[in-house]
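> Need coordinates for the below:
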Amino acid sequence: MDDSQASQIGLHVPRMYRVAFRMLADADKAHDAVQEACVKALAGLGRFNGQAALATWLHRITVNCAKDAIRSETRQDNAHKAHAEQVLHAAGVSRRPALGPHEQAGHGVEAVSPAGTPANRPSGASWATLPGGCWKSCPTTAD
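You can find the predicted model right below:
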């Protein structure tokens, strides 16, 4: 590897950063992914055969490094969640979500059938969609 090859890769770093930032939505993680991509590109420069443009090759390396960062973060999050669940279970703490005021008052949300309409909906009733796709009965108004 000579300085001209390294400088060629260096010209593409701003574009590589934009790609990584779009995927990771975090400046530090994007910088890390670009740094990893540059290391891999420099190490594999001898394998670059010129069938594609250098920018295309670097783009693919950057995308793969960003995906690796996402996978790594997901694995770490899952490990932390599993550990937290074990600690809570050992302490005898339930992770049931707290009921909201609507549920505490005894008003449940109707089940939704696979077609996306409320199951067992009474005829003539007016129904509204709640956030998350749930349905609830609304009072009808006389015209």
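
> mind listing the helices for the chain?
With DSSP state H as the criterion, the chain has helices at 3-11, 13-24, 27-43, 54-91, 101-104.

> Save those as JSON lines, and put in mean neighbour count too.
In this view, the C-beta of every residue, glycine as well, is placed from N, C-alpha and C. As requested, the helices of the chain are exported to JSON lines (neighbours: other C-beta atoms under 10 Å):
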{"stretch": "helix 3-11", "mean neighbour count": "12"}
{"stretch": "helix 13-24", "mean neighbour count": "17"}
{"stretch": "helix 27-43", "mean neighbour count": "17"}
{"stretch": "helix 54-91", "mean neighbour count": "14"}
{"stretch": "helix 101-104", "mean neighbour count": "10"}
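
> Now mean pLDDT too, for those helices, in a markdown table please.
Below are the helices of the chain laid out as a markdown table (pLDDT from 0 to 100):
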| stretch | mean pLDDT |
| --- | --- |
| helix 3-11 | 85 |
| helix 13-24 | 96 |
| helix 27-43 | 95 |
| helix 54-91 | 87 |
| helix 101-104 | 57 |
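
> Okay, domains of this protein per the record?
3-91, 109-143 (automatic domain parsing).

> So which residues make contact with stretch 24-44?
Here stretch 24-44 makes contact (C-beta atoms under 8 Å, 6 or more residues apart in numbering) with 1, 5-6, 9, 13, 16-17, 20-21, 23, 57-58, 61-62, 64-66, 68-70, 73.

> one more time with 6 Å, if that's ok
The contact list for stretch 24-44 (C-beta atoms under 6 Å, 6 or more residues apart in numbering) reads Ile9, Met16, Tyr17, Ala20, Phe21, Leu58, Ile61, Thr62, Cys65, Ala66, Ala69.

> how much space between Arg22 and Arg15?
11 Å (C-beta to C-beta, to the nearest Å).

> scratch that, Ala6
16 Å.

> One more: Ser4?
19 Å.

> and if you look at His80?
On the measure of C-beta to C-beta, His80 and Arg15 end up 33 Å apart.
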